[in-house]
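Asks: how does the following fold in three dimensions:
(one chain, ligands or ions: 2)
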Amino acid sequence: MAIHLHDTRRGRKVPFEPLHAGKVTMYLCGPTVYNYAHIGNARPAVVFDLLARVLRRRFDLTFARNFTDVDDKINAASIETGKPIDEITARYMQAYNDDMSVLGVLPPDVEPRATQHIDDMVAMIRVLMERGNAYEAEGHVLFDVTSYKDYGALSKRDLREMIAGSRVEVAPYKKSPQDFVLWKPSTPELPGWDSPWGRGRPGWHIECSAMAARHLGDTIDIHAGGQDLVFPHHENESAQSCCAHGGADFARYWVHNGFLSMDHEKMSKSLGNVVLVHDLIKEIPGEVIRLALLGAHYRQPLDWSEDTIKSAKRMLDRLYGAVRGIDVPAAMRAEAEPPDALIAALEDDINTPKALAEFFALAKTLNKAVSADERERLAAVVLATGDLMGLLQYDPEHWFGGGDVEGELSADEIETLIAKRNAARAAKDFATADAIRDELAAAGIKIEDGPEGTTWRRSD
Ligand code: AMP
Ligand code: ZN
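Replies: Ligands and ions are numbered 1, 2, ... in the order given. Down below sits the predicted model:
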């Protein structure tokens, strides 16, 4: 049975077939790095990490997830905090990867950064201008949406209706209100690069098009992201890539995750109702968060609450409980495969609720098994399933031992980190000092600065 995915453009679940037999390319729009990721941002990272794991069982996958490290929000954060842009982006890229790894997200094959692909963007914009798909106006380069007949096909919008329904345009130099920026001028204090259109910086959409083309080719198999990105971000990426590549299809399958809400309100930085992964992992094991995010089908909305977390914790306790105390021989462990029904559920548009039901059924069978052989064999299957889903990565004794399940730091290591932090503080390098404090906190270590120096304790 082929893998099936729900493709946003076709509006239905379809069998998945890569462009080149045996090889798959996948691109996921990554974070804009000016802040810590919230739990909603983690949903696409976790869900599409699982898809990548499932694809790798069958295909040679190249998975790219970018960092948007040039953006007006980053510039604003720099002005607000007085910190250089590079420092902000470096810090939050690191934090993103650290936080995601606690959630069991494996590193993608490529992590392109926008600022390292400016040449590719400029080249792509030049082609778009040569082909009549883009025009220059008042130092900006804009994509002419009327030049692309399929504009709106991904998000199911009609361009004429969009134009007719537009409010009075704030940028009078645009030919159509839907025309979007490929390149914009920069003032001297803002980041900028020389280009045929003067010193400037790229628009957001062109970044992903250029990075996807550079690392994955003109046509990619799967393009993933949150539902909010369908329009305008993905519609625009698709339009400009297709036009720059002589009509070649940009992405063959578009997959989008539903939104995570809190108390039934969308979680977003602008609404201010965010729970940062960075904070949450100080309190809750990463696997609990991962399981909670995988508990609902990825296209459905997911409401985040105390109950979501509690029930994920209970579920993990059941799974860890099932394998606890069973010594699985290494060879058996290495050969074990997840059950067919569970793989089939994941290959059916990442049906995690069904896959988890299979997982629990398996654990239940294990709990009932009597013979030592059978218990070992089933425990090996449970652990193999955990490996695929990014769960059960701790020793069960450690899991139930309470305290820090994220990797225990020794007293020596803690003292060393505290000494380094105090040195950084003395040197007024607060970024490093904060990063060390965060690292300690993530490892479950609380520190307190007092007149006698810095003390620490393991949080409970
Ligand atoms: P941003 O940094 O806002 O561009 O978001 C990074 C990724 O997180 C994008 O794929 C968004 O679609 C996704 N995202 C943002 N907020 C949520 C949310 N509340 N629920 C699910 N996904 C989200
Ligand atoms: Zn993108």
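Asks: ramachandran coordinates for Pro202?
Replies: phi -80, psi 160 (degrees, to the nearest 10).
Asks: typed the wrong thing, it's Trp456
Replies: phi -140, psi 160.
Asks: what's the neighbour count on the residue lying closest to it once chain neighbours are set aside?
Replies: In space, Trp456 comes closest to Ile447 once its chain neighbours are excluded; the distance is 4.7 Å by C-beta to C-beta, 6 or more residues apart in numbering. Every residue, glycine included, has its C-beta placed from N, CA and C. Applying other C-beta atoms under 10 Å, we find 16 residues neighbouring Ile447.
Asks: which residues does the helix or strand containing Ile447 contact?
Replies: Here Ile447 is covered by strand 445-450, with elements defined by DSSP states H and E. The contact list for strand 445-450 (C-beta atoms under 8 Å, 6 or more residues apart in numbering) reads Leu409, Ile414, Ile418, Arg437, Leu440, Thr454, Thr455, Trp456, Arg457, Arg458, Ser459.
Asks: could you report the distance from the last one to ligand 1?
Replies: Same thing as Ser459. Per C-beta to the nearest ligand atom, to the nearest Å, Ser459 is found 28 Å from ligand 1.
Asks: just checking, that residue touches Gly444?
Replies: Yes. Between Ser459 and Gly444 there is a contact under C-beta atoms under 8 Å: 5.2 Å.
Asks: so for the two, which residue has more residues nearby?
Replies: For Ser459 versus Gly444, neighbours defined as other C-beta under 10 Å are more numerous around Gly444 (20 against 13).
Asks: look up how far Thr62 lies from the more buried one.
Replies: 36 Å (C-beta to C-beta, to the nearest Å).
Asks: likewise for Ile414?
Replies: From Ile414 to Thr62 the distance is 39 Å (C-beta to C-beta).
Asks: cool, and Cys242?
Replies: Distance from Cys242 to Thr62, by C-beta to C-beta: 21 Å.
Asks: of those two, give the one with the bigger neighbour count.
Replies: More crowded of Cys242 and Thr62, by other C-beta under 10 Å: Cys242, with 22 against 19.
Asks: and that one, helix, strand or coil?
Replies: helix (DSSP: H, G, I helix; E, B strand; the rest coil).
Asks: ok, residues contacting the helix or strand of the chain with the lowest mean pLDDT?
Replies: One helix or strand of the chain scores below all others by mean pLDDT, DSSP states H and E: helix 411-426, with a mean of 81. Contact with helix 411-426 is made by 409, 430, 432-433, 436-437, 439-440, 445, 447, 453-454, 456, as judged by C-beta under 8 Å, 6+ apart.
Asks: with stretch 314-326 instead?
Replies: 285, 287-288, 291, 295, 356, 359-360, 363-364, 366-367, 375-376, 379, 382-383, 386, 391-392, 394, 396-397, 399-400.
Asks: buried only: go through those for me.
Replies: 285, 287-288, 291, 356, 359, 363, 366, 375-376, 379, 382-383, 386, 391-392, 394, 396, 399 (16 or more other C-beta atoms under 10 Å).
Asks: verify the contact between Cys243 and Leu128 for me.
Replies: Yes. Using C-beta under 8 Å, Cys243 is in contact with Leu128, at 5.9 Å.
Asks: tell me, what's touching those two both at once?
Replies: Phe143.
Asks: quick one: Ile418 from Ala435, how far?
Replies: 13 Å.
Asks: comparing the two, which residue is more hemmed in?
Replies: Taking neighbours as other C-beta under 10 Å, Ile418 and Ala435 compare with Ile418 leading, 20 against 17.
Asks: domain ranges for this protein, per the record?
Replies: Domain assignment for the chain, taken from automatic domain parsing, gives 4-257, 262-400, 411-458.
Asks: ligand 2: which of the ones you listed is closest?
Replies: Nearest to ligand 2 among the domains of the chain is domain 4-257; the distance by C-beta to the ion comes to 3.1 Å.
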